[in-house]
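Trainee: A structural model of the following input is requested.
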Amino acid sequence: MEIKLPTYLKCIAILMGLLLLIYFMQLFKAVLVPLAFAMLFALLLLPLSQNLERLKLPRALAIMFSLIVVISILGLVIWFLSAQIMSLTSELDKIGQNIDELVIKVQDFLYQKFSIPPSSRTDLIRDSFGNLREIASSLLQGTISTTTGALAMLTIIPIFIFCFLYYRDHLQQFMFKFVSKDRRSGMMQTVSNIQTVVQSYLSGLMIVIVIVSLLNSMGLLILGVKYAIFFGVFASILTIIPYIGILIGAMLPALFTLAATGNLVDALLVVGVFSFVQFLEGNFITPFIVGSKVSINPFAAIIALLLGGEIWGAAGMILSIPLIAMLKVLFDAYEPLEPFGYLLADIDDLKSQKSGRFNKMFDKLRNRAKKQGQEIQE
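Mentor: All right, here's what the predicted structure looks like:
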């Protein structure tokens with residue numbers, strides 16, 4: 001018998017379920033985060049693996065070849081960034097001297113304009129910027145710690161990807177066990193929609209990263225910024241973190257330029273370059289490449305970004321958009337949850353869908369009127 005509960009008990013049960021889910025996600029973060037990344041990459045590599053299998057290549061070899069391609073590309077990017085960071089650290093002493101001169105200029109300006117007496121340069125530099133060696137040491141320790149954790153994840157994620165791709169037929173049969181035969185076609189359509197959304201987002205994101213890195217690097221090279229290619233590529237990679245990544249990517253080269261040249265105008269020009277590229281990326285590049293397949297409104301994206309960062313840290317911020325896009329597909333496919341899918345949808349996309357439906361209905365009415373007119377003439 002179906003037990004009917006009051007509305008307030010249902011709300012309490014839903015809230016308790018959400019709290020338990022968040023606690024579960026935080027408790028098993030070490031396993032769930034690599035699984036989530038592996039699932040996304042498996043969906044991205046699935047077409048390549050299937051094409052290789054159609055060429056009579058065994059599934060295991062096809063998956064291994066796909067993984068080697070991805071790992072090689074990521075290895076080249078990591079090698080380039082590491083080499084640039086090592087070269088950048090060699091200029092810390094020069095940057096420290098420039099910061100010292102910049103502080104003197106600021107103190108003289110404040111004293112001349114506002115009669116604020118200058119404080120001890122040594123104390124001010126230590127209080128405002130900290131000791132450069134300590135900053136470099138802490139940065140190095142944090143980098144080593146992060147790299148160690150990333151290497152641990154990088155060793156387990158390819159294994160998960162291989163298992164997802166190799167046992168995909170088995171996983172499909174596993175999902176069939178939960179639904180009746182008459183609903184399996186609908187379930188496979190939903191899975192296909194999820195795969196399309198994820199592939200569209202990830203492949204489009206990679207193309208956007210390449211284009212944005214070229215634009216950033218060109219702008220910085222025109223301004224004569226040192227390590228322009230490094231800052232351009234690094235800022236474009238940070239775009240995988242929506243809204244926040246581009247801010248961090250613009251601040252680093254701006255602060256470096258300010259510390260290296262001591263000229264505020266140069267730093268503002270760097271910010272202007274990144275702002276212009278961000279305008280192009282948000283209004284033209286991403287909408288044209290990714291399209292409307294990942295149609296999440298900005299408010300829902302920001303909430304997902306904050307929740308992902310709170311639950312899983314930086315990894316959660318990266319995973320937030322593709323995961324919420326997958327949830328929207330599930331919400332749209334399951335009738336009781338359609339209101340939540342509507343809540344997550346982009347308003348412009350809903351307007352285009354409504355206009356498309358109106359045009360289809362108008363075409364049907366017009367064709368019907370033409371047929372009736374032809375029958376009357378006959």
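Trainee: Alpha carbons only: can I get stretch 170-178 in CSV?
Mentor: Only the C-alpha atoms of stretch 170-178 are listed here, as CSV (Å, rounded to 0.1, in the frame of the first residue of the first chain):
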residue,chain,number,x,y,z
HIS,A,170,27.8,-4.6,-19.1
LEU,A,171,26.8,-1.3,-17.6
GLN,A,172,24.1,-0.9,-20.1
GLN,A,173,22.6,-4.3,-19.2
PHE,A,174,22.9,-3.3,-15.6
MET,A,175,20.7,-0.2,-16.2
PHE,A,176,18.2,-2.3,-18.1
LYS,A,177,17.6,-4.4,-14.9
PHE,A,178,15.9,-1.4,-13.3
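Trainee: Point to the helix or strand of the protein where mean pLDDT is at its lowest.
Mentor: Within the chain, no helix or strand scores below helix 121-128, which has a mean of 51 by mean pLDDT, DSSP states H and E.
Trainee: list the contacts for Gly186?
Mentor: Shown in contact with Gly186 (C-beta atoms under 8 Å, 6 or more residues apart in numbering): Ala333. C-beta here means a position set from N, CA and C on the backbone, and glycine is covered the same way.
Trainee: just the one 4 residues further on next, same as before
Mentor: Residues counted as contacts of Thr190 (C-beta under 8 Å, 6+ apart) are 329-330, 333.
Trainee: go on, Phe65?
Mentor: 52, 57.
Trainee: Retrieve the pLDDT associated with it.
Mentor: Among the per-residue scores, Phe65 holds a pLDDT of 93.
Trainee: from the middle of its chain, how far away would the helix or strand hosting it be?
Mentor: Applying DSSP states H and E as the criterion places Phe65 in helix 59-89. Distance of helix 59-89 from its chain centroid, counting by C-alpha atoms, centre = their mean, to the nearest Å, is 19 Å.
Trainee: Name the residues of it that are buried.
Mentor: Buried residues in helix 59-89, defined by neighbour count with 16 or more other C-beta atoms under 10 Å: 59, 62-64, 66-67, 84.
Trainee: Pipe the residues you listed into JSON lines and attach distance to Leu154 per row.
Mentor: Formatted as JSON lines, the buried residues of helix 59-89 follow (distance: C-beta to C-beta, whole Å):
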{"residue": "Arg59", "distance to Leu154": "23"}
{"residue": "Ala62", "distance to Leu154": "21"}
{"residue": "Ile63", "distance to Leu154": "17"}
{"residue": "Met64", "distance to Leu154": "16"}
{"residue": "Ser66", "distance to Leu154": "16"}
{"residue": "Leu67", "distance to Leu154": "11"}
{"residue": "Gln84", "distance to Leu154": "20"}
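Trainee: okay, among those, which ones form the most distant pair?
Mentor: Greatest spatial distance among the buried residues of helix 59-89 (C-beta to C-beta): Arg59 and Gln84, at 38.4 Å.
Trainee: tell me what the host helix or strand of Cys11 is packed against?
Mentor: In the assignment (DSSP H and E), Cys11 maps to helix 7-27. With contacts taken as 3 or more C-beta pairs under 8 Å, 6 or more residues apart in numbering; DSSP states H and E, helix 7-27 sits against helix 298-312.
Trainee: Run the chain-centre distance for the helix it packs on.
Mentor: The answer for helix 298-312 is 11 Å, by C-alpha atoms, centre = their mean.
Trainee: Next: stretch 250-270.
Mentor: 26 Å.
Trainee: contacting residues for Leu252?
Mentor: So Leu252 contacts 231, 234-235 (C-beta under 8 Å, 6+ apart).
Trainee: Just among those, which is most surrounded?
Mentor: Ala235 (28 neighbours; other C-beta atoms under 10 Å).
Trainee: Check which helix or strand that residue maps to.
Mentor: Following DSSP H and E, one finds Ala235 within helix 228-237.
Trainee: Tell me who's in contact with Pro6.
Mentor: Per C-beta under 8 Å, 6+ apart, neighbours of Pro6: none.
Trainee: where's it relative to Gln26, distance?
Mentor: 31 Å (C-beta to C-beta, to the nearest Å).
Trainee: pLDDT averaged over the helix holding Ala235, what's the number?
Mentor: 87.
Trainee: Contact partners for the nearest residue to Gly341 once chain neighbours are set aside?
Mentor: Distance criterion C-beta to C-beta, 6 or more residues apart in numbering; nearest residue to Gly341, sequence neighbours excluded, is Phe331 at 3.4 Å. Going by C-beta under 8 Å, 6+ apart, Phe331 touches 337-338, 340-341, 344.
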